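Student: what would the 3D arrangement of this be:
(one chain, ligands or ions: 1)
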Amino acid sequence: MSKPHLKLSGVHRHYGEGDMLVRVLEAADLTVESGELVALVAPSGAGKSTLLHLCGLLESPQGGEIEIIGQSTSRLGDRARTQLRRSTVGYVYQFHHLLPEFTALENVALPQLIAGQDQNKAEARAMELLELLGVAPRAAHRPAELSGGEQQRIAIARAAANHPRVILADEPTGNLDPETSDLVFEALKDLIKNEGAAALIATHNHDLARRADRIVTLKGGLVVPHTL
Ligand SMILES: Nc1ncnc2c1ncn2[C@@H]1O[C@H](COP(=O)(O)OP(=O)(O)OP(=O)(O)O)[C@@H](O)[C@H]1O
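Tutor: Below you'll find the model as predicted:
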């Protein structure tokens with residue numbers, strides 16, 4: 001059987017020390033397979049962003065192991081971690097951070113150009129993603145000319161541009177109205193299934209979380225199954 005795209009084993013993460021010690025994760029385990037969408041629902045301060053940052057190799061755990069597409073990350077140096085993150089992880093944030101002076105197509109093509117892809121191929125891939133997410137007719141528009149939901153779908157396309165095996169999203173629909181949230185979530189889900197990525201999505205929106213393949217929460221420093 002192929003290795004899971006994302007695997008955490010015994011992950012430990014705390015901040016500060018002494019009186020200021022905050023224990024966030026203690027021996028946390030989590031596995032996300034290819035094409036699987038896992039929703040992370042937990043109260044404010046429980047450690048959702050910490051978990052996503054660890055999975056995205058933006059932070060390092062103090063103990064345990066994080067494997068991405070079967071590759072152990074605990075002994076990687078900074079450069080190798082950055083390289084692995086760039087080639088395997090796509091991040092979607094609550095606020096899209098699209099570059100205002102570039103068109104939708106250019107925003108999606110840019111990460112590929114940075115990764116060394118040639119312009120024609122980068123633009124073809126960008127267009128394929130914009131079509132998949134239902135925003136191809138907006139390809140030549142700049143972010144300021146697009147609705148919030150369109151902007152967020154373009155941010156999702158950008159996160160997927162380099163074929164990430166792991167997609168992480170922190171409140172991707174947090175600043176959208178319910179109908180637009182639905183649309184964006186479904187687009188994200190289609191994309192994950194289509195591309196066979198493993199996805200972990202932190203959300204406060206229970207309706208959306210119920211449409212994930214699985215829901216997890218954080219309890220006592222562990223990642224545990226959850227039902228809503
Ligand atoms: N750099 C840091 N230094 C000290 N404590 C931190 C740091 N980052 C996070 N924490 C603490 O770790 C805990 C988990 O924070 P985290 O941001 O992961 O929670 P969250 O579940 O994402 O919260 P929210 O839903 O409010 O964004 C919190 O108590 C927070 O104060």
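
Student: show me which residues of this structure sit near the ligand.
Tutor: Residues of the chain lying close to the ligand by CB under 6 Å from any ligand atom are Y15, G16, V22, V24, A42, S44, G45, A46, G47, K48, S49, T50. For glycine as for every other residue, the C-beta is placed from the backbone atoms N, C-alpha and C.

Student: which two of those residues have the greatest separation?
Tutor: Spatial extent of these (CB to CB) is set by the pair G16 and A42 at 20.1 Å.

Student: next, the buried residues of the helix or strand hosting L30.
Tutor: Using DSSP states H and E, L30 falls within strand 22-32. By neighbour count with 16 or more other CB atoms under 10 Å, strand 22-32 contains the buried residues V24, L25, A28, L30, T31, V32.

Student: which of the residues you listed sits closest to E150?
Tutor: V32 (27.7 Å).

Student: pretty sure the closest one is touching A197, no?
Tutor: No - under the criterion of CB atoms under 8 Å, V32 makes no contact with A197, lying 9.3 Å away.

Student: between the two, which contacts overlap?
Tutor: H5, V166 (CB atoms under 8 Å, 6 or more residues apart in numbering).

Student: thinking again about what came up before, redo the residues of the chain next to the ligand as TSV? Include secondary structure.
Tutor: Listed next are the residues of the chain next to the ligand as TSV, based on DSSP: H, G, I helix; E, B strand; the rest coil:
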residue	secondary structure
Y15	strand
G16	coil
V22	strand
V24	strand
A42	coil
S44	coil
G45	coil
A46	coil
G47	coil
K48	helix
S49	helix
T50	helix
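
Student: derive a ChimeraX selection command for the buried subset of the residues you listed.
Tutor: Buried subset of the residues of the chain next to the ligand, written as a ChimeraX selection, criterion 16+ other CB under 10 Å:
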select :24,42,46,47,48,49,50
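
Student: quick check: pLDDT value at A187.
Tutor: As summarised for this prediction, A187 has a pLDDT of 89.

Student: number of nearby residues for the closest residue to it other than its chain neighbours?
Tutor: Residue nearest to A187 in three dimensions, not counting chain neighbours: L133, with 4.6 Å by CB to CB, 6 or more residues apart in numbering. Neighbour count of L133, defined by other CB atoms under 10 Å: 25.
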